[in-house]
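K.L.:
I'd like to go over a predicted model; first the sequence, then the structure.
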Amino acid sequence: MFSIKLRQGGNARMTEHKKIRGMTWSDPRGYDPLVAASQTFRDRHPDADIVWDKRSLQGFESTPVEELAETYDLIIIDHPHVGAVVEKSCLLPIDRFAEKTALERLFAETVGKSYQSYSYDGHQWALPVDAACQVQAIRPDLVSAPVKTFSDVIALAKDGRVVWPLLAPHVLMSFFSLLANSGAPFPVTRGTAINHTAALDVIGAMATLADLVDPACLTMDPIAALDALCEDNTFALCPYVYLYAPYARANYRANRIVFHDMPSLGASGPLGSALGGTGIAVSSQTKHPDLCVEFALWVASADVQRGLYATHNGQPGNAVAWGDPAVNAPVGSCYSNTRMTHEAAWLRPRHDGYMAFQEDASHILLDALTGKTDPKSALITLETRFDESFDHE
């Protein structure tokens, strides 16, 4: 049985009825498990109600956390926001309330760099409740086996069988994934040069694929791409898309999807995929920090993650859940099938100013892929814009 120990000194008053507001994202994967967990958590704390609101995937990826922290006690965040979070002092450092042993346990149980992605400036700003990176999705009734290489992707794309989400920022995530996979990851610090030879090769490969897929891909995020993969028999493969475990469930959509490790452009297998996933954070303005941290620790724990979290459309971030056959069985073994890609995923920059760069860089890259700008010029602009992002105030 998972037990939670908190450091003493919080300001929560256990005699009052506590109303806690949470903000997550609108997909069932982001909403359903938190609602279920909050209902069960009420059994532990009958004097507390946790109510969740939700925003779109695009809102999740772009809304400043400091705006949400003014209204909500608990917030599901994306790790690239962490640098801005530290700068704005809008979240609580969870390590100041949680016992060190509890955090060490979660660190040991993380999938890949999920726990590390919320560590910044000496503190832990969120706990991973969901792990994801770019993997491949196939229709097993339309293709006999997952593809292994980018050349295999091109071959299927020539037959019109590939769908690929290119809406910002996902085009940039594919660029990051393929660049790291080729052995030349994108810089994470100022003044570090991009490997132009490798980057131009990646842009060239992406442009070749972009020319072969339906132009509608330019308007697709991962959910739209996976819906297209499910809807009819047009597409058989989505080569680079964030893992969405619910799509691997029977009867979740018209056709079931199976997820596998990402196809490789480089020679070292499925490494370097751009890390995604989500973490649960606590607003620095909450009136109930102890209770919020207790909930965060509890919902990130192995018992909850492999239990009610997984059974309510959740996609766990805890490695104990990922290795559990009972968790894998309902979702076509998507966790064990993609474990190598997730363990070898690449961690994006997280400095204050990165989020604006991510949006700008996505459009710079799209212009290069669609022939509006020369790839060499686009790469120089990308490099300049990245260095400028460190001047954010």
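P.N.:
Structure's in. What do you need? In this text, all values refer to a predicted model and were calculated from it rather than measured experimentally.

K.L.:
Surely Met173 touches Met262?
P.N.:
No. Between Met173 and Met262 there is no contact under Cβ atoms under 8 Å: 11.3 Å. For every residue, glycine as well, the C-beta is placed using N, CA and C.

K.L.:
Can you pull the residues that touch both of these two?
P.N.:
Both Met173 and Met262 are contacted by 134, 240, under the criterion Cβ atoms under 8 Å, 6 or more residues apart in numbering.

K.L.:
Compare those two and say which is more crowded by neighbours.
P.N.:
For Met173 versus Met262, neighbours defined as other Cβ atoms under 10 Å are more numerous around Met262 (34 against 24).

K.L.:
contacting residues for the more buried one?
P.N.:
133-136, 177, 181, 239-240, 270, 273, 341.

K.L.:
Domain map for the protein?
P.N.:
When the chain is parsed with automatic domain parsing, its domains come out as 18-131+277-335, 134-274+353-391.

K.L.:
Make JSON lines from these and add mean pLDDT to it.
P.N.:
Formatted as JSON lines, those follow (pLDDT from 0 to 100):
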{"stretch": "domain 18-131+277-335", "mean pLDDT": "95"}
{"stretch": "domain 134-274+353-391", "mean pLDDT": "97"}
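
K.L.:
Can you check which of the ones you listed gets nearest to Leu347?
P.N.:
Ranking the domains of the chain by proximity to Leu347 (Cβ to Cβ) places domain 18-131+277-335 first, at 4.9 Å.

K.L.:
and the closest one, how far apart are its ends?
P.N.:
36 Å (Cα to Cα, to the nearest Å).

K.L.:
where along the stretch 1-150 of the chain do the helices fall?
P.N.:
Ranges of helices in the stretch 1-150 of the chain, per DSSP state H, counting those that start in this stretch, are 28-44, 57-62, 65-69, 82-88, 100-108, 150-158.

K.L.:
on contacts alone, who are the packing partners of the third one?
P.N.:
Based on contacts counted as 3 or more Cβ pairs under 8 Å, 6 or more residues apart in numbering; DSSP states H and E, the elements that helix 65-69 packs against are strand 74-77, helix 82-88.

K.L.:
now swap in the longest one and tell me
P.N.:
Contact analysis of helix 28-44 by 3+ Cβ pairs under 8 Å, 6+ apart lists strand 18-25, strand 48-55, strand 127-130, helix 289-299 as its packing neighbours.

K.L.:
Which stretches in the protein count as strands?
P.N.:
18-25, 48-55, 74-77, 119-120, 123-124, 127-130, 134-138, 237-242, 258-260, 278-282 (DSSP state E).

K.L.:
mind giving me TSV with those and columns for distance to Asp221?
P.N.:
Shown next, in TSV, are those (distance: least, Cβ to Cβ, whole Å):
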stretch	distance to Asp221
strand 18-25	12
strand 48-55	14
strand 74-77	17
strand 119-120	26
strand 123-124	29
strand 127-130	16
strand 134-138	13
strand 237-242	9
strand 258-260	17
strand 278-282	15
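
K.L.:
re earlier: for Ala145, which of the helices and strands packed on helix 65-69 is the nearest?
P.N.:
Here strand 74-77 is closest among these (Cβ to Cβ), at 34.8 Å.

K.L.:
How many neighbouring residues does Ala145 have?
P.N.:
10.

K.L.:
Neighbours of the closest residue to Ala168 other than its chain neighbours, how many?
P.N.:
Excluding the flanking residues, the one nearest Ala168 by Cβ to Cβ, 6 or more residues apart in numbering is Ser362, at 3.4 Å. By the criterion of other Cβ under 10 Å, Ser362 has 19 neighbours.

K.L.:
how about Ser362, what does it touch?
P.N.:
Ser362 sits next to 168-172 when contact means Cβ under 8 Å, 6+ apart.

K.L.:
Make TSV out of these and add neighbour count and distance to Thr278.
P.N.:
TSV is the format used below for the contacts of Ser362 (neighbours: other Cβ atoms under 10 Å; distance: Cβ to Cβ, whole Å):
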residue	neighbour count	distance to Thr278
Ala168	20	19
Pro169	23	15
His170	26	16
Val171	25	21
Leu172	24	18
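
K.L.:
how about the nearest residue to Ser119, chain neighbours excluded?
P.N.:
Spatial nearest neighbour of Ser119, chain neighbours left out: Trp125 (7.5 Å); criterion: Cβ to Cβ, 6+ apart.

K.L.:
The one you found: what's it in contact with?
P.N.:
Taking Cβ under 8 Å, 6+ apart, one finds 77, 82, 85-86, 91, 93-94, 118-119, 279, 281 in contact with Trp125.

K.L.:
next one: Arg44
P.N.:
Arg44 touches Trp298, counting by Cβ under 8 Å, 6+ apart.

K.L.:
Would you mind putting the helices and strands packed on helix 65-69 into TSV with distance to Phe186 alongside?
P.N.:
Listed next are the helices and strands packed on helix 65-69 as TSV, based on distance: least, Cβ to Cβ, whole Å:
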stretch	distance to Phe186
strand 74-77	21
helix 82-88	16
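
K.L.:
re earlier: any figure for the gap between the residue nearest to Ser119 and His196?
P.N.:
Distance, Trp125 to His196, by Cβ to Cβ, to the nearest Å: 34 Å.

K.L.:
One more: Ala180?
P.N.:
16 Å.

K.L.:
quick one: which of those two has more around it?
P.N.:
Shown here are Ala180 and His196; by other Cβ under 10 Å, Ala180 has more neighbours (23 against 14).
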